[in-house]
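Chemist: Give me a model of this one.
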Amino acid sequence: MGANESRQDPLISDTESEEDSEDQHSSEEDDYEDSKDHVSPIIKTPSSVDEIDAKLKALKLKYSKNQTPINSVKLYIHTGGNTAQSKWVLSEKAASFRFVKEPENSEENGDEGEEGDGDLCWFLKVGLRVKALVDQQLQLKGVMDQLRVDFVANGVYAMKFGSIDEYKGFIEEYEKCLFENTYGFECNDVNKGKVYGKDFVAWANPEAADDSMWEDAEESFGKSPGFKTPVRQSHDLREEFEEAARGGSIKSLALGALDNSFLVSDSGIQVVKNFSHGIHGKGVYVNFDESMKGHVEGTPRKALLMRGETNMLLMSPMTQGKPHTNGLHQFDIETGKVVTEWKFAKDGTDISMRDVTNDSKGAQMDPSGSTFLGLDDNRLCRWDMRDRHGIVQNLADSNAPVLNWTQGHQFSRGTNFQCFATTGDGSIVVGSVDGKIRLYSVSSMRQAKTAFPGLGSPITHVDVTYDGKWILGTTDTYLILICTLFTDKDGKSKTGFAGRMGNRIAAPRLLKLNPLDSHRAGVNNKFRGAQFSWVTEDGKQERHLVATVGKFSVIWNFQQVKDGSHECYRNQVGLKSCYCYKIVPKDDSIVDSRFMHEKFAVSDSPEAPLVVATPMKVSSFSISSSRLSFA
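Modeler: Below is the predicted model of the structure:
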């Protein structure tokens with residue numbers, strides 16, 4: 001296995017193959033035959049040749065085929081998939097494109113004009129082949145220097161324009177239609193103000209935004225720190241290590257910063273050893289005892305390490321497909337037993353949680369840790385496993401022990417929280433279904449210091465750098481990278497966790513797959529679980545970002561994404577999107593992709609190994625500069 005290079009946009013030749021030309025000619029003949037049906041039954045004898053010529057053109061006979069249609073483009077389709085025979089093939093030499101407003105389900109109904117239910121939405125129609133709803137799933141990418149846009153619509157297509165004005169006109173119209181489909185009203189300055197708010201002018205008009213905060217890349221970022229783990233002379237950094245799953249398919253991955261990491265499967269936990277070249281080899285498997293196996297909630301989907309990585313909190317979803325749960329198990333790794341089954345409750349009433357996480361980035365290494373954070377749709381809180389009265393609680397009690405709600409807030413409605421993460425000092429970032437990202441300080445969970453507006457897509461996962469300066473949000477079709485730095489009225493540099501940013505907010509950047517790779521990722525080609533590489537010390541900077549898409553692990557160079565002069569951003573309209581990444585392909589859908597703790601980076605590699613888990617095995621490899629370059 002190896003990491004594939006990120007793909008550049010291949011040039012599309014204007015030269016047609018003989019087969020393409022024959023197909024085009026055949027199509028013209030068919031159109032000519034159909035046009036005969038449209039002859040008017042009464043035609044007066046014209047008085048001149050010019051009138052005859054005008055009449056023939058009006059009847060749209062074959063004579064008119066020499067004229068270029070309005071909004072004409074060359075339409076190409078990509079064939080051959082991910083094989084050596086893959087190529088762009090001319091589909092229509094002179095296809096006409098247009099944006100049309102129709103009922104939302106009209107795409108399923110097929111023929112234009114057929115009635116359908118639902119709200120009116122904008123569709124893109126191109127020639128005879130393409131009709132697609134204008135949304136982020138198009139994965140539309142413009143390449144200005146080639147006067148071309150690529151997109152996904154039951155295949156991968158490219159449209160090539162005849163002039164720069166036609167290209168820019170299409171992009172402008174597309175952006176307007178996308179805004180209206182996303183937010184439900186016309187794209188203009190007034191409505192942009194309603195969506196983004198007066199403080200987020202940079203998000204509404206990114207071309208006029210101040211990107212100075214993005215250029216705050218630290219000088220030490222490009223230098224390799226003095227890592228503690230030396231590289232063995234005999235070790236090949238390009239070598240991959242694989243470990244087969246035991247006890248059923250892997251459901252979640254819990255990476256340790258100390259000696260071990262853990263693979264959670266259907267019936268137990270597989271313990272593997274942490275090395276500078278990845279995880280493998282310990283060969284210890286701990287079966288869940290009967291109290292865990294017989295639990296109604298079934299297989300754990302979330303594993304949270306605690307207490308110096310000697311304990312693990314196992315969280316399972318409720319039945320009937322609900323993501324919430326009303327309790328979790330505390331698993332003692334050293335004894336291999338569930339020591340407590342905790343319940344979530346507040347003021348004597350059972351409540352549910354959607355997710356849990358550690359108090360801070362490095363909290364799992366604290367041997368005395370007893371608190372953790374919980375999140376539900378409209379709740380954000382801190383739980384404490386210590387009993388207020390000092391009484392030891394265990395499973396022998398008639399009633400399951402209840403966690404203590406020590407801090408937090410229960411919002412009345414409307415927050416729709418979905419995911420969260422913590423910084424090195426314990427500040428909290430929360431992502432919501434409506435796309436909003438909220439920042440909470442260590443001292444208060446009641447009111448967010450900063451609330452970034454949504455871009456129309458739910459945030460399914462969120463991460464933050466150790467220093468709190470950068471936030472990475474995951475949506476189904478793109479990643480959003482946000483800079484939280486701003487300068488306050490006294491000229492001091494702060495993050496949005498420590499103060500209200502006001503209108504001193506930089507525009508975010510998007511990380512996307514190009515349309516070809518998005519299509520190749522398979523039917524389940526949604527982004528999942530994007531994360532920064534893992535550091536837990538002040539002054540250390542995360543170096544990479546990784547996300548999962550179907551059978552792909554996708555890696556971005558963090559410094560390159562932040563570089564405003566990067567070639568990827570040339571001639572882009574709207575929010576800047578980065579397409580320079582590396583793909584690690586697998587033969588099966590990927591459960592999780594994460595970087596090990598920075599202490600496992602070796603002296604001649606600037607990054608710790610990447611760990612990729614599929615249902616039946618886990619693999620890891622180092623990404624030295626010779627192994628992984630970003631084009």
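
Chemist: Where does the prediction get shaky in the stretch 501-631 of the chain?
Modeler: Judged by pLDDT under 70, the stretch 501-631 of the chain has its weakly predicted residues at 603-604, 624-631.

Chemist: was I right about A303 contacting G256?
Modeler: No - assessed by C-beta atoms under 8 Å, A303 is found out of contact with G256, at 10.9 Å. For glycine as for every other residue, the C-beta is placed from the backbone atoms N, C-alpha and C.

Chemist: joint contacts of the two?
Modeler: Residues touching both A303 and G256 (C-beta atoms under 8 Å, 6 or more residues apart in numbering) are F262.

Chemist: what about the two, which has more around it?
Modeler: For A303 and G256, the more surrounded residue by other C-beta atoms under 10 Å is G256, and the numbers stand at 21 against 18.

Chemist: how close does that one sit to E215?
Modeler: Noted for G256: a distance of 36 Å to E215, by C-beta to C-beta, to the nearest Å.

Chemist: Ok, T415 next?
Modeler: T415 sits 34 Å away from E215, going by C-beta to C-beta.

Chemist: Go through the protein and flag its longest helix.
Modeler: Identified as the longest helix of the chain according to DSSP state H is helix 164-183.

Chemist: can you give me the offset of it from its chain's centre?
Modeler: Centroid displacement of helix 164-183 relative to its chain, using C-alpha atoms, centre = their mean, to the nearest Å, is 23 Å.

Chemist: list the buried ones in it?
Modeler: If you call a residue buried by 16 or more other C-beta atoms under 10 Å, then helix 164-183 has these buried ones: 166-168, 170-171, 173-174, 176-183.

Chemist: sorry, back to before: higher neighbour count, T415 and E215?
Modeler: Neighbours per residue (other C-beta under 10 Å) separate T415 from E215, with T415 holding more: 20 against 11.

Chemist: And stretch 405-412, how far out from the chain middle?
Modeler: In terms of C-alpha atoms, centre = their mean, the centre of stretch 405-412 is set 29 Å apart from its chain centre.

Chemist: repeat for stretch 411-418
Modeler: For stretch 411-418, the separation from the chain centroid amounts to 22 Å (computed by C-alpha atoms, centre = their mean).

Chemist: can you list contacts of it?
Modeler: The contact list for stretch 411-418, computed with C-beta under 8 Å, 6+ apart, reads 354, 375-380, 430-434, 458-460.

Chemist: from memory N191 sits against F185, does it?
Modeler: Yes - look at N191 against F185 with C-beta under 8 Å: they come within range, at 5.1 Å.

Chemist: So those two - more neighbours on which side?
Modeler: Under the criterion of other C-beta under 10 Å, the comparison of N191 against F185 puts N191 first, with 16 against 12.

Chemist: Helix, strand or coil: sort out that one for me.
Modeler: Classification of N191 using DSSP: H, G, I helix; E, B strand; the rest coil returns helix.

Chemist: where's it relative to N274, distance?
Modeler: Distance from N191 to N274, by C-beta to C-beta: 51 Å.

Chemist: do S86 as well
Modeler: Distance from S86 to N274, counting by C-beta to C-beta: 39 Å.

Chemist: Among these two, which residue is more densely surrounded?
Modeler: Between S86 and N274, counted using other C-beta under 10 Å, N274 has the larger neighbour count: 24 against 14.

Chemist: The more buried one - that's part of a helix, no?
Modeler: No - N274 is assigned strand when assessed by three-state DSSP, not a helix.

Chemist: what sits opposite it in the beta ladder?
Modeler: Beta-bridge pairing of N274, defined through DSSP bridges, involves I279.

Chemist: And for S589, the neighbour number?
Modeler: Burial of S589 is recorded as 16 neighbouring residues (other C-beta under 10 Å).

Chemist: from what I can see, it looks like it's in a helix, true?
Modeler: No - assessed with three-state DSSP, S589 is coil; it does not lie in a helix.

Chemist: what's near enough to touch it?
Modeler: G522, N524, G550, K551, T614, P615.

Chemist: hmm, try it at 7 Å
Modeler: Taking C-beta atoms under 7 Å, 6 or more residues apart in numbering as the contact definition, S589 lies against N524, G550, K551, T614.

Chemist: Which residue ranges of the stretch 451-600 of the chain form strands?
Modeler: With DSSP state E, counting those that start in this stretch, the ranges of strands along the stretch 451-600 of the chain come out as 461-464, 470-474, 479-483, 485-487, 493-495, 509-511, 527-532, 544-549, 552-557, 577-578, 582-585, 592-595.
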